[in-house]
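**Student:** what follows is a protein structure lacking sequence information:
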């Protein structure tokens, strides 16, 4: 890395009061979820542009600030990324995951990662919060992996095990938190997340493929962060907010049949085209932000 992580950590600590210089929990806010900053007490923010080694998020719904403060009734020190970096924005993966390495050096032991995702599972509708228990990383399997290259520390494993990537103890706390908040059973689901590079949404054929191999939700982030967090020895939990359904029509409309019907003077009912937009993603994120805020805060309280 061009920027030394320790110098980045030193700069960040120089901008903070002593009680916030060693956070316990890290939080990554996905599309439309930067409002999590609203529940952080005694908040101090540092623009990404001022932090050595950090990129800038260019995606609507992502702020570009690192927020420090206290969370929950017991005032647990936390650090939150208000907006993340994506591979599809042109950031190298070393930049995408750099904040995770920095947060680990700052002292966090757990990280709670949120994202917006599309659902491939008919039983997981829009608005559901999916507690991720596994992932499939298509870019990773094709040679795009943030762990490739020289190791950033001799203490890191060269071959990282991922069978325990998603902490059972953190997921247990999440469901206890949901019970304490009296959330309905349908508000949450468990599932497998697929990382695709983006920035395009999936074609129907790609959606069919993903569904057929057991993917529940799909998105364009998160997995690189998970890999590096585990390499750094952090406990990880991921919450995927379903903001849209992946468009998988029951069948392809036949243009040939449409033209033949037109030539024969017959009527032909054309199925309405379905498309996904980022505005839809942000709208659902805004709608469910309060639920995610409450869950994250309660999990942090239970951790303390």
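**Tutor:** Done, it's in. Given the structure is predicted, the values throughout are model-derived calculations rather than measurements.
**Student:** in space, what's closest to residue 211 - neighbours in sequence excluded?
**Tutor:** Leaving aside its chain neighbours, residue 211 sits nearest to residue 120 (4.4 Å; criterion: Cβ to Cβ, 6 or more residues apart in numbering). From N, CA and C alone the C-beta is placed, and that goes for glycine too.
**Student:** surely the one you found meets residue 206?
**Tutor:** No. Applying Cβ atoms under 8 Å, one finds residue 120 not in contact with residue 206, separated by 9.9 Å.
**Student:** the more surrounded of the two?
**Tutor:** For residue 120 versus residue 206, the count of surrounding residues by other Cβ atoms under 10 Å is larger for residue 120: 27 against 18.
**Student:** low-confidence ranges in the stretch 51-200 of the chain?
**Tutor:** Where the stretch 51-200 of the chain drops to pLDDT under 70, the residues are 60-62.
**Student:** quick one: the strands in it, in order.
**Tutor:** Counting by DSSP state E, counting those that start in this stretch, the stretch 51-200 of the chain has these strands, from start to end: 65-71, 76-82, 110-119, 129-137, 188-195.
**Student:** name the nearest residue to residue 13, sequence neighbours excluded.
**Tutor:** Distances taken as Cβ to Cβ, 6+ apart put residue 21 closest to residue 13, at 4.6 Å, once the chain neighbours are dropped.
**Student:** could you check the pLDDT of that neighbour?
**Tutor:** Residue 21 carries a pLDDT score of 96 in this model.
**Student:** how near is residue 245 to residue 42?
**Tutor:** Separation of residue 245 from residue 42 (Cβ to Cβ, to the nearest Å) stands at 40 Å.
**Student:** tell me how far residue 189 lies from residue 202.
**Tutor:** Distance of residue 189 to residue 202, given as Cβ to Cβ: 19 Å.
**Student:** my bad, should have said residue 129
**Tutor:** 21 Å.
**Student:** is the residue nearest to residue 77 when sequence neighbours are not counted part of a helix or strand, or is it coil?
**Tutor:** Spatial nearest neighbour of residue 77, excluding adjacent residues (Cβ to Cβ, 6+ apart): residue 23 at 4.4 Å. Secondary structure state of residue 23, per DSSP: H, G, I helix; E, B strand; the rest coil, is coil.
**Student:** and residue 23, how many neighbours does it have?
**Tutor:** Counted with other Cβ under 10 Å, the neighbours of residue 23 add up to 22.
**Student:** I'd say it and residue 107 touch.
**Tutor:** Yes. Counting by Cβ under 8 Å, residue 23 does reach residue 107; the two are 6.3 Å apart.
**Student:** the most centrally placed residue in the chain pairs with what?
**Tutor:** With distances taken as Cα atoms, centre = their mean, the residue of the chain nearest its centroid is residue 115 (3.0 Å). Taking DSSP bridges as the rule, residue 115 bridges to residue 240.
**Student:** might one say that it is in contact with residue 224?
**Tutor:** No. Between residue 115 and residue 224 there is no contact under Cβ under 8 Å: 11.7 Å.
**Student:** for residue 11, what are its contacts?
**Tutor:** 51, 52 (Cβ atoms under 8 Å, 6 or more residues apart in numbering).
**Student:** give me the element it is part of.
**Tutor:** Applying DSSP states H and E as the criterion places residue 11 in helix 5-14.
**Student:** please apply the same query to residue 28.
**Tutor:** Using DSSP H and E, residue 28 maps to strand 25-29.
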